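> Build me a model from this:
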Amino acid sequence: MSWFTRALTRYKYHVIAAAAGSSLHLFNHTCCHQDSILKYDEFSLEQTTMLVKKVLKTPPNPFIRFTAHCKEKKDLHQFEFIADAAEQALPAVVSIDVKQRQNYVFEVQGSGSGFIVDKRGYIITNEHVITGCKGVTVVLGDGRKIPGTVVAVDSLTDLALVKVETDLDLPEIRMGDDSKLRPGQWVVAIGNSLHFPNTVTAGIVSNTARSISDNDMLRHQAPKVGTSKYVQTDAAINPGSSGGPLVNLAGEVIAVNTIGVLGNASGMAFSIPVSEVKRFLKEFSEGQQHSSSISKVTYSLGLRIITLTPGMANFLHQQGKLDPSLSSGVFVFDSAKNSPAYHANLDKGDVIIAIDNHEVHTKDDLSRAVQQSGGNPVRVTFFRPDRGFLFTNITPEKS
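Prediction:
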């Protein structure tokens with residue numbers, strides 16, 4: 001008897017050592033030691049002999065050996081939770097082909113993903129999927145194609161709503177609750193990955209509320225970085241997956257696949273929480289798209305900016321380039337030539353602290369205030385080294 005078998009016996013497990021290789025099959029039945037004799041409560045010699053014969057006939061692959069002991073196929077079904085989750089969500093997942101008119105000819109420029117949130121034909125996707133498009137075609141999971149129309153866009157969170165007109169009985173996805181997410185939780189991503197429809201990948205939640213708007217690497221790689229907190233996952237999100245659902249094991253969407261990090265940072269992707277989708281849909285249904293951040297137009301001042309961090313603030317204080325009373329704001333790196341900010345003489349080194357009557361502490365604050373202006377002039381208050389606190393009126397431009 002090997003040391004391993006003796007050790008397991010000592011810890012009160014019934015051990016049957018198979019002759020096939022060194023594999024061991026453990027059966028969790030109590031055995032007791034009395035007068036130096038092992039007495040087995042439930043296993044007769046006949047039952048034990050039958051089990052050993054079964055083991056010897058089983059192939060050496062441990063997974064095959066494991067499945068061979070399952071009495072019925074339903075015993076394995078409990079391990080197919082990824083497939084079960086995908087099966088629940090797949091009928092409501094669509095591909096989105098976008099077209100742009102060039103030289104008076106329609107040319108397909110790209111594709112993305114989306115999912116049906118209302119059987120009347122409303123589909124959620126990313127704004128960057130449909131930006132600049134002149135035509136949208138929604139491709140259902142069975143390959144049927146339906147023309148679509150962009151009916152609303154939220155540029156701050158990179159969400160868009162597409163509407164299709166059809167008499168088909170469209171399936172709609174079930175909404176989950178991202179507030180209940182935990183790091184380490186299993187999730188499934190579905191989308192039109194690299195033009196392969198209905199691609200399913202799986203992973204775990206790495207972080208439930210990741211802010212990435214100030215990450216230089218993501219800002220260069222991502223087509224658009226919104227303002228929301230993202231769900232970080234290691235499920236594969238490739239080009240074309242944007243706009244597809246990230247679902248939990250109940251098949252409920254808990255986020256919108258948005259950014260897959262390329263290059264050396266494999267196993268890292270970001271999705272917009274479903275709470276943002278619910279807010280977006282609520283504002284649209286209440287007809288607030290003209291008085292909130294939801295619109296078909298994005299506005300910009302034409303600035304290159306970064307959120308002022310405490311470390312940056314301390315450095316600028318030491319250099320005498322920031323008022324001691326300031327510890328937050330938005331630092332201006334540059335302004336695009338002929339942009340509204342350029343004509344308003346905003347310059348490198350300025351620190352923006354307010355838009356109209358709204359304090360600005362982060363890039364997100366500034367973007368939100370500019371978008372909510374609806375293109376109307378805004379009063380920008382900022383600090384300039386050697387000049388102090390200043391303000392100027394700027395009219396945002398469409399971007």
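> What residue, apart from its backbone neighbours, is nearest Leu303 spatially?
Once flanking residues are discounted, Leu303 sits nearest to Ala341: 4.8 Å by C-beta to C-beta, 6 or more residues apart in numbering. (Glycine included, C-beta is placed from N, CA and C.)
> next SSE after the helix or strand harbouring the one you found?
For Ala341, the host element (DSSP states H and E) is helix 340-343. Using DSSP H and E, the helix or strand that follows helix 340-343 in sequence is strand 351-355.
> Show me what counts as buried in that following strand.
Buried residues in strand 351-355, counted by 16 or more other C-beta atoms under 10 Å: 351-355.
> quick one on the thing from earlier: if we go by neighbour counts, what in the helix holding Ala341 is buried?
So for helix 340-343, counting by 16+ other C-beta under 10 Å, buried means 340-342.
> tell me the domain ranges of the chain?
The chain is divided into the following domains under automatic domain parsing: 3-77, 88-164, 178-281, 297-398.
> List the contacts of Gly267.
Counting by C-beta atoms under 8 Å, 6 or more residues apart in numbering, Gly267 touches 203, 234.
> What of Lys180?
By C-beta under 8 Å, 6+ apart, no residues touch Lys180.
> ok, 10 Å please
By C-beta atoms under 10 Å, 6 or more residues apart in numbering, the contact set of Lys180 is 208, 248, 254.
> outside of the helix holding Ala341, which residues touch it?
Helix 340-343 has contacts (C-beta under 10 Å, 6+ apart) with 299-305, 332, 334-337, 346-347, 350, 352, 370, 377-378, 380, 392-397.
> redo that, cut-off 8 Å
Applying C-beta under 8 Å, 6+ apart, the contact partners of helix 340-343 are 300-303, 332, 335-336, 394-397.
> Send me it as CSV with only the CA atoms.
Only the C-alpha atoms of helix 340-343 are listed here, as CSV (Å, rounded to 0.1, in the frame of the first residue of the first chain):
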residue,chain,number,x,y,z
PRO,A,340,-13.8,76.6,-30.0
ALA,A,341,-11.2,76.4,-27.3
TYR,A,342,-8.5,77.6,-29.7
HIS,A,343,-10.5,80.7,-30.6
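> Need the mean per-residue confidence for that helix.
Throughout helix 340-343, pLDDT has a mean value of 91.
> quick revisit: rank the domains of the chain by mean pLDDT and give me the bottom one.
Lowest mean pLDDT of the domains of the chain: domain 3-77, a mean of 49.
> re earlier: nearest to Val162, of the buried residues of helix 340-343?
Val162 lies nearest to Pro340 out of the buried residues of helix 340-343, by C-beta to C-beta, at 30.4 Å.
> so who does the residue nearest to that closest one when sequence neighbours are not counted touch?
Nearest non-adjacent residue to Pro340, counting by C-beta to C-beta, 6+ apart: Ile394, 4.8 Å away. If you count contacts by C-beta under 8 Å, 6+ apart, Ile394 has them with 301, 340-341, 344, 346, 377-378, 380.
> Let me have these in a markdown table, extended by distance to Gly121.
Formatted as a markdown table, these follow (distance: C-beta to C-beta, whole Å):
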| residue | distance to Gly121 |
| --- | --- |
| Leu301 | 36 |
| Pro340 | 38 |
| Ala341 | 40 |
| Ala344 | 43 |
| Leu346 | 44 |
| Pro377 | 38 |
| Val378 | 36 |
| Val380 | 41 |
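> Out of these, give me the two with the largest separation.
So, those by C-beta to C-beta: farthest apart are Leu346 and Pro377, at 14.3 Å.
> More neighbours: the two, which one.
Neighbours of Leu346 and Pro377, each counted by other C-beta atoms under 10 Å, are more numerous for Leu346; the result is 25 against 12.
> returning to that earlier point: give me the PyMOL select line for the contacts of helix 340-343, limited to the buried ones.
Buried residues among the contacts of helix 340-343 (16+ other C-beta under 10 Å), as a PyMOL selection:
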select buried, resi 300+301+302+303+332+335+394+396+397
